[in-house]
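> just coords:
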């Protein structure tokens, strides 16, 4: 829930012969996706907020034992963030951080750590600042919690879910229901799938000469349909990793550049399998 400070007459201050409204402090549920040292006592922080999207801000005194920043800022931790957002071009002023969740599974083993960092890096690259995506935020929280669960396939399944939600939320959902090379709305038969055409964002039974197309297994299409429906429980570990690698390649195509943490996560998952 968002809380905004109450307006009063004192919310205006005099300066340079004009009245200027003070900026209200906004509170929002947030996950720390990046953090850098600004000075000996302060940090710059990138927060993925549920209602405000990605907000970059300066937390003065955050490295001191300051009661305003309970628990401190660390990657892939969740808390209630207090922010003064003056405009959407510069850094916000971070006024408070009340730590509420630390996602212990993120640091349980190397593969889970790489998956968690891939989720954060994916968020950083795929959405613009101050562009809220509540479904993505909820999926990131869910992914962090899932990484606490036992099971060899948990990291790959968690990353696959978050990749899919991110692509859907950002408008790049792969077409799963029809052949993207056919003008008709004829249903796409899984066993007829031969290639994925990144330019068209979907699958086809036909590979045309001169156009980039990736060979894909029908099992990968079926697995993506399961993810789209909300579940991948019981899926084979190798199939999960293939699907993760496929969506990672599509993200690279969408962005026009690699997401290094995502590539590292795919490598870590393959080594662990």
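The structure has been received and is ready for your questions. Note that this is a predicted model, so its numbers are computed, not measured.
> the helix or strand where residue 48 lies packs against which elements?
In this structure, residue 48 is located in strand 43-49 according to DSSP states H and E. Counting contacts by 3 or more CB pairs under 8 Å, 6 or more residues apart in numbering; DSSP states H and E, the secondary-structure elements packed against strand 43-49 are strand 25-37, strand 53-59, strand 78-84, helix 134-146. In this view, the C-beta of every residue, glycine as well, is placed from N, C-alpha and C.
> could you dump those to JSON lines with mean neighbour count, distance to residue 182 and mean pLDDT?
Compiled in JSON lines, the helices and strands packed on strand 43-49 are given as follows (neighbours: other CB atoms under 10 Å; distance: least, CB to CB, whole Å; pLDDT from 0 to 100):
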{"stretch": "strand 25-37", "mean neighbour count": "19", "distance to residue 182": "40", "mean pLDDT": "95"}
{"stretch": "strand 53-59", "mean neighbour count": "21", "distance to residue 182": "37", "mean pLDDT": "95"}
{"stretch": "strand 78-84", "mean neighbour count": "22", "distance to residue 182": "45", "mean pLDDT": "95"}
{"stretch": "helix 134-146", "mean neighbour count": "19", "distance to residue 182": "30", "mean pLDDT": "97"}
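> need the ones you listed in a markdown table (columns: distance to residue 93).
Rendered in a markdown table, the data for the helices and strands packed on strand 43-49 read as follows (distance: least, CB to CB, whole Å):
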| stretch | distance to residue 93 |
| --- | --- |
| strand 25-37 | 9 |
| strand 53-59 | 6 |
| strand 78-84 | 4 |
| helix 134-146 | 22 |
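> out of those, which gets nearest to residue 102?
The closest of the helices and strands packed on strand 43-49 to residue 102 is strand 78-84. By CB to CB, the value is 7.8 Å.
> can I see the domain layout of the chain?
Using automatic domain parsing, the domains assigned to the chain come out as 3-102, 105-272.
> most tightly surrounded among those?
The highest mean neighbour count among those belongs to domain 105-272 (a mean of 18), with neighbours defined as mean count of other CB atoms under 10 Å.
> list the contacts of residue 266.
Residue 266 makes contact with 241, 244-245, 248, according to CB atoms under 8 Å, 6 or more residues apart in numbering.
> nearest to residue 164, of those residues?
When the contacts of residue 266 are compared for distance to residue 164 (CB to CB), residue 244 comes out closest, at 9.9 Å.
> if we can go back for a sec, tell me, which of the domains of the chain is the model least confident about?
Sorting those by mean pLDDT places domain 3-102 lowest, at a mean of 81.
> show me what contacts residue 103?
Neighbour list for residue 103: 76-78, 116, 144-145, 147-148 [criterion: CB under 8 Å, 6+ apart].
> redo that, cut-off 7 Å
For residue 103, the contacting residues are 76-77, 144-145, 147-148, by CB atoms under 7 Å, 6 or more residues apart in numbering.
> let me have the residues you listed in CSV, extended by distance to residue 126.
What follows is the contacts of residue 103, written out as CSV (distance: CB to CB, whole Å):
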residue, distance to residue 126
76, 17
77, 21
144, 17
145, 21
147, 20
148, 24
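> nearest to residue 42, out of those: which one, please.
Taking CB to CB as the measure, residue 42 sits nearest to residue 77 out of those, at 18.0 Å.
> re the thing from before, most widely separated two among the contacts of residue 266?
With distances taken as CB to CB, the most widely separated pair in the contacts of residue 266 is 241 and 248, at 10.2 Å.
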